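Colleague: Generate a structure from the sequence data that follows.
(one chain, ligands or ions: 1)
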Amino acid sequence: MMLDGKNFSRTPGRANTCWTFLVPASRRFLRTRGLPVHTETNTLPGFGQSSGQTSCRVVVQDSLTLLQPPSHLQDEVHILTDLVHQRVEVGLHRQSLKEHGLRHRRREESERSLGLLAQHRKKGETIKKEASSLVLQFIQNTMASGQMSRDEALECTSCRHACHVMLYSETASQLFGRIPIRYIVLMQMRFDGLLGFPGGFVDPSEETLEEGLTRELLEELGVAVPISTEDHVESCFSLPCSGKYSSSSRLILHFYVKKIEEDQIREIEKAAASTAADHGLEVLGMVRVPLYTTKSGGGLSSFLSHSFIGVARSQLINSLLRLHLVSPGALREALRGSQRKHAESAQNLQEVLVSVCQHQRGTSAEIFLSPASQEHIRYNRQETRGDGRLEKKKQTSLQGNVALSFSFAITCILLLW
Ligand SMILES: O=c1[nH]cnc2c1ncn2[C@@H]1O[C@H](COP(=O)(O)OP(=O)(O)O)[C@@H](O)[C@H]1O
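Modeller: Below you'll find the predicted structure:
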């Protein structure tokens, strides 16, 4: 499996020795990312200029098989970069590596690894220093982010796969007859109240990813928009909310982008609200993303401050940038505005919550709430009023509750009798 070294700076024309850095990774680390026991980069040029070395490559390998590197690496210089135990060289990075789960499984293994490292210590002191940040960058950029090609993703047969697509078109329409809209980008309001792209789970053993996505589109949009491999943008592991990988979280998300005509967008919007099987169920409605910013700062910034499913917001933002649908400056402004709006709406929600609690004070509806909620509401009310005799009031209200339940029970018994 070759990983792409495109994230590294390049200095062409000075290729000498290629240094290979073996990075031990636990089997679990590799398995939970669907990676094989041996993963290596292409040559990464532009490395080690101060020491006359100009390229290196990184080999991430299961720590159990680390001491038998693959035969094609035998004649090259090997340096084992033990990123966890070399505190001096990579002290700064230890925390992030810990988070990514790069650990030796057994003490003796790490001791053997360190022994190998010691043999190369004299040769590679400078090189190691320079390499440690490069290696770390590699791990963070390629492995920790979970990015992979479509084919690599399909190698992981035990993973679940989900495909989603951003459909968009150009448009000449103008908002209020003066603000150019320029592009229509389609998203949807999902059943769970979150914004996301159309698509869903696909089983690659039964259909191709693209066939599966087209099938999902028929269900959600009422139109079987044909999707091809050319529309594929990226595949990555879905990071669970905790930020940690586990075997139960092996879901690969495939993202596609397809440009269509404005007429097709209109046709989809009509079908989505009339013939689509999922309308009003899994999908509550299609929405267009406002890509402009109004004078009062509304538009894209307000849209981005809504809640999105999983990585849908970053998929949207990355696509807007990559396809030049919004300029980087405008997007930055929109994101700043969106952060402000988020803070405002948190404040607003707090006020609404307080007023709902006040509204409920003294209404008979209160007796249908659970005792815990009633206590919570009373507590809030008293806090709002700055009541200093909270404990006493709490006690009184609990006594009231008991009396209320008692009289309710007596009424029931009398009625039954
Ligand atoms: O727009 C999206 N972008 C990225 N991931 C998404 C998006 N919508 C849903 N997901 C993720 O994909 C998985 C499948 O979700 P979805 O609800 O689309 O499948 P389904 O329609 O087949 O039930 C879920 O884990 C969800 O978090």
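
Colleague: Let me see the backbone angles for the residue in the chain positioned nearest to the ligand.
Modeller: With CB to the nearest ligand atom, the shortest gap between the chain and the ligand falls at residue 200, namely 2.6 Å. In this view, the C-beta of every residue, glycine as well, is placed from N, C-alpha and C. Here is the backbone geometry of residue 200 (degrees, to the nearest 10): phi 170, psi -160.

Colleague: Find the nearest non-adjacent residue to it, please.
Modeller: residue 216 (4.2 Å; CB to CB, 6 or more residues apart in numbering).

Colleague: so what's that neighbour up against?
Modeller: Applying CB atoms under 8 Å, 6 or more residues apart in numbering to residue 216 gives the contacts 163, 198, 199, 200, 202.

Colleague: Per-residue pLDDT of the last one, please?
Modeller: It stands for residue 202. Residue 202 carries a pLDDT value of 97.

Colleague: so what's the closest residue to it other than its chain neighbours up against?
Modeller: Leaving aside its chain neighbours, residue 202 sits nearest to residue 212 (2.9 Å; criterion: CB to CB, 6+ apart). Neighbouring residues of residue 212 by CB under 8 Å, 6+ apart: 161, 163, 201, 202, 203, 204, 206.

Colleague: what number of residues lie near the fifth one?
Modeller: Around residue 203 there are 10 other residues, counting by other CB atoms under 10 Å.

Colleague: I'd say it and residue 161 touch.
Modeller: Yes - if you go by CB atoms under 8 Å, residue 203 and residue 161 touch, sitting 7.4 Å apart.

Colleague: picking that back up, among the contacts of residue 216, which lie within strands?
Modeller: Judged by DSSP state E, the contacts of residue 216 include 163, 199, 200, 202 as members of strands.

Colleague: Among the residues you listed, name the buried ones.
Modeller: 163, 199, 200, 202 (16 or more other CB atoms under 10 Å).

Colleague: which parts of the biggest helix by length in the chain are buried?
Modeller: Counting by DSSP state H, the longest helix found in the chain is helix 328-360. For helix 328-360, the neighbour count (16+ other CB under 10 Å) marks 330, 331, 333, 334, 337, 338, 341, 357 as buried.

Colleague: among the buried ones among the ones in strands among the contacts of residue 216, which two are most distant?
Modeller: Every pair in these was compared (CB to CB); the two farthest apart turn out to be 199 and 202, at 8.3 Å.

Colleague: tell me, what's touching those two both at once?
Modeller: With CB under 8 Å, 6+ apart, residue 199 and residue 202 have common neighbours 162, 163, 213, 216.

Colleague: Name the nearest of the buried ones among the ones in strands among the contacts of residue 216 relative to residue 255.
Modeller: Ranked by distance to residue 255 (CB to CB), those are led by residue 163 at 7.7 Å.

Colleague: Wait, that closest one touches residue 209, no?
Modeller: Yes - assessed by CB under 8 Å, residue 163 is found in contact with residue 209 at 5.3 Å.

Colleague: Which neighbours do the two have in common?
Modeller: Common neighbours of residue 163 and residue 209 (CB under 8 Å, 6+ apart) are 202, 254.

Colleague: quick one: average confidence on the longest helix of the chain?
Modeller: On average, helix 328-360 scores 88.

Colleague: again with stretch 234-242
Modeller: Average pLDDT, stretch 234-242: 66.

Colleague: Tell me the pLDDT of residue 159.
Modeller: pLDDT, read off for residue 159, is 83.

Colleague: What number of residues are in the vicinity of the residue nearest to it when sequence neighbours are not counted?
Modeller: Distances taken as CB to CB, 6+ apart place residue 250 nearest to residue 159, at 4.4 Å, with adjacent residues excluded. For residue 250, the tally of surrounding residues (other CB under 10 Å) stands at 19.

Colleague: shouldn't residue 250 be in contact with residue 156?
Modeller: Yes - Residue 250 lies in contact with residue 156 (CB under 8 Å); the separation is 7.1 Å.

Colleague: the helices in the stretch 201-350 of the chain, which residues?
Modeller: For the stretch 201-350 of the chain, applying DSSP state H, counting those that start in this stretch gives helices covering 209-221, 262-274, 300-304, 312-322, 328-360.

Colleague: just checking, residue 194 touches residue 309?
Modeller: Yes - assessed by CB under 8 Å, residue 194 is found in contact with residue 309 at 4.2 Å.

Colleague: How about the secondary structure of residue 185?
Modeller: Residue 185 falls in the strand class when you classify it by DSSP: H, G, I helix; E, B strand; the rest coil.

Colleague: does it have beta-bridge partners, and which?
Modeller: When assigned by DSSP bridges, residue 185 has beta-bridge partners residue 168.
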